[in-house]
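Engineer: Take a look and give me a structure for this.
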Amino acid sequence: MSDSRSPVRVSPSYRQTHSHRKSDPSAFQPTRLTKLQTSFINALPMNLSTTLSRSSNSSNVCTSPTPPSRSKKGKASKMTGKDEDQLTVNPIFERVGDYTRDAERRQLDRKLFAAAIFELALAIVSLELTWLNSTWIDGMDEESFLDLVLPNPASKTNPNKMIAMTPPPAAIACQVICTLSTFVLLYLRYELYMFEHALKESLWNNVVKLDFIYDQQEFTIFVLEMTVLCIHPLPLAGSQNIAVCLMFLRFYLFLHLFRDHSAIYKSRRDIIVKIFDKIPNPHFNWFQTAQFEIDQNPIRFMAVLTTYYFFVFSYCIYVIEREYNPVDYTWLYGCWHTITVMTTLGFNNVPATFFGKLCTFIAAITGIFLETLFTVTVIGHLSLSHYQDTTQNFLKKRVADEEERHSAASYIQERFRFVLYRHRQERMRSNNKTISMVDEPEVYAKKETKHKQRQAQRLLEFHKCRRFKFLKSNSAGDPFVDKLNAIGRLCEKVYLNTRKQEAKEMKNGSLPSTPKFSFLKKNSAGDPFVDKLDAINRLCEKVFQNTKKQDAKEEGESKDGRETATPILQRALREEEETDAEEDEEEEEEEEKEVKEKEEEKKKKGMKSDTDDCNENKSATSPALEAMVLMLQSEKDMNKELQAKINELTEELNRLKSTTESETEVEVEEEKG
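Structural biologist: Take a look at the predicted model:
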């Protein structure tokens, strides 16, 4: 018995057919459901009567889903899944849906959009025919109407309208046709919902039969769309202005056509297979299609969107306000009102009705949105592309070359002038010229300092230009790429330094020396990346300095096996010795503390003499000394064992080196031969 609250029910025929599989281990064992299948089943409402039916004659394993057959009327026929033996989902259909039936979806969307636009056109025609047949209230002419001032028409006991809207027979006929077309429109939307329902079942190979409300979110969207499509002018129902204005919401159906006929939606299967095969794929909906359209054709997209909103708000303002002020609120005035509102200017345009103010508010919000979208689009397309950035970077490199040449030439000229001046003064002094032709020492010193200052300025300008040229020559135009290139160059320098140190280590058999990172400090001017590398390199310098000190200690020592040991073994031996020395120091400190405590106690008490104290100290420390002797002997034995192991390892390493060298020599000789 199945629970009524369970989302999936198993038919009795399925139990009878597959009950033998529990006893027969060689029978077919159904595979586990995928994550998507389990999440889909768990997402279903609990009060659904979903059934899982399988046939008793099923022997073949289904590997790909088969779409449900459709009758002549277009409804999705129910399939029992007689040829299915397991619950599987096609991975492509699971991610993008049944793309083989896109033509049917496009046809349904076209029918739905055409019916909605036809009904909207009929509603506008009926409204305009009614307006042409309207009359003034109580025989009021235009002059008396202009003299009348109604600050709040809705508060009067008289009718709210200053124009009596009397629909003619033609307008009533249009309203009747509009009502009939509404039923057709609702039927088409129901057919589209059932089509999507059939597609969901085809994903499960028609083994899982879904109820009408198969997904709460999809059903909510379906109900909202049905509510919007129900709005239309009813025959002989009074004013139809608000209903006709709300019918412009049906243009959301254009988004379905926009998505169905886009290139990205048509080729979504190839996109998944070739690009997003192993990674999550994007959602192929109308919003993504709009994003691609904005990126590819921004001017066309903005022109179409702005024109649509401008026409809709202009017509709505004109239709709502013309009943209260038919003289001023013409079609052109409605357009002017919409332009001033959407551009957030206003010009003190205040509608008289509540719905007019509401429409004006929505138009203002839409205008702000369009202005923002237009600004973002213009800025995005005024920025340079990758090729334009490369071209601009090339021109900047050329300018940097010219500036470097100019600064170098100016420095050479200034240097030549200074040398020429000094040489001329020395020559004149050596030739015993008159004092008037030779500068005095003070004047000569001033001129010399001026020349040196100019040389320093020219040299500084030359260094700046050279640095700018270096940056531009290694720049790709992209700040992220430039930063990565700079970090890559720093890493290359560090790598070269480490390679040099390794070569020295192989020759000398000692730890590498401290690398120099002065170039990092020179290039650091508050840059967080370079400063971070500086901090890391300072830590590395500290580590290398510590290793240097340890190497300096080892240079004066010559223990057994130390010269033939490798740096790694040296470090291991040194660490063991350091730990042993630390333990010895700790034990000695503890013994000294004990002796001092005992001496203080004896001084306070004054019970024993100095000789007794010495004897007691000797007797007290004798077991400690014996323990120390035993520890030293054991340590010596351990050191001997370690030294023997180290010697064995070094011999093995030498053998490996000799074998590798011989093999390389043989390979070289074979290559030469």
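Engineer: Leu120 and Val244: what is the separation?
Structural biologist: Leu120 sits 8 Å away from Val244, taking Cβ to Cβ, to the nearest Å as the criterion. Quick note: C-beta positions are derived from backbone N, CA and C, even for glycine.
Engineer: do Glu225 as well
Structural biologist: 19 Å.
Engineer: sorry, back to before: and Leu120 and Val244? Which one has more around it.
Structural biologist: Val244 (23 against 19; other Cβ atoms under 10 Å).
Engineer: Now do the SS call for Asn348.
Structural biologist: coil (DSSP: H, G, I helix; E, B strand; the rest coil).
Engineer: again, but for the one 10 residues further on
Structural biologist: The three-state label given to Leu358 by three-state DSSP is helix.
Engineer: Number of residues surrounding it?
Structural biologist: Count around Leu358 with other Cβ under 10 Å applied: 14.
Engineer: Just name the shakiest helix or strand of the protein by mean pLDDT.
Structural biologist: In the chain, the helix or strand scored least confidently by mean pLDDT, DSSP states H and E is strand 51-52, which has a mean of 35.
Engineer: quick one: the strands in this structure?
Structural biologist: 9-10, 51-52, 135-136, 163-164, 208-209 (DSSP state E).
Engineer: for the stretch 451-600 of the chain, what are the low-confidence residue spans?
Structural biologist: 473-486, 488-489, 492, 495, 505-537, 539-540, 542-544, 547-548, 550-576 (pLDDT under 70).
Engineer: Check the stretch 151-300 of the chain too.
Structural biologist: 151-165, 204-208, 278-279, 281.
Engineer: what about 50?
Structural biologist: 151-161 (pLDDT under 50).
Engineer: Around the closest residue to Tyr318 other than its chain neighbours, how many other residues sit close by?
Structural biologist: Closest residue to Tyr318 apart from its sequence neighbours, by Cβ to Cβ, 6 or more residues apart in numbering: Gly334 at 3.3 Å. Other residues lying near Gly334 total 20 when counted by other Cβ under 10 Å.
Engineer: Setting aside sequence neighbours, what's the nearest residue to Phe355?
Structural biologist: Ile320 (5.1 Å).
Engineer: Tell me how many other residues crowd that neighbour.
Structural biologist: Considering only other Cβ under 10 Å, Ile320 is surrounded by 26 other residues.
Engineer: Please apply the same query to Ser314.
Structural biologist: Neighbours of Ser314 (other Cβ under 10 Å): 21.
Engineer: Tell me the spacing between it and Pro326.
Structural biologist: Taken as Cβ to Cβ, the span from Ser314 to Pro326 is 16 Å.
Engineer: now do Glu414
Structural biologist: 85 Å.
Engineer: can you check Lys209 too?
Structural biologist: Using Cβ to Cβ, which is the criterion applied here, Lys209 is 59 Å from Pro326.
Engineer: Same question for Asn349.
Structural biologist: 17 Å.
Engineer: Repeat that for Phe416.
Structural biologist: 91 Å.
Engineer: Between the two, which is the more surrounded one?
Structural biologist: Pro326 (16 against 10).
Engineer: domains of this protein?
Structural biologist: If you go by automatic domain parsing, the domain ranges for the chain are 286-383, 386-477, 488-555, 557-593.
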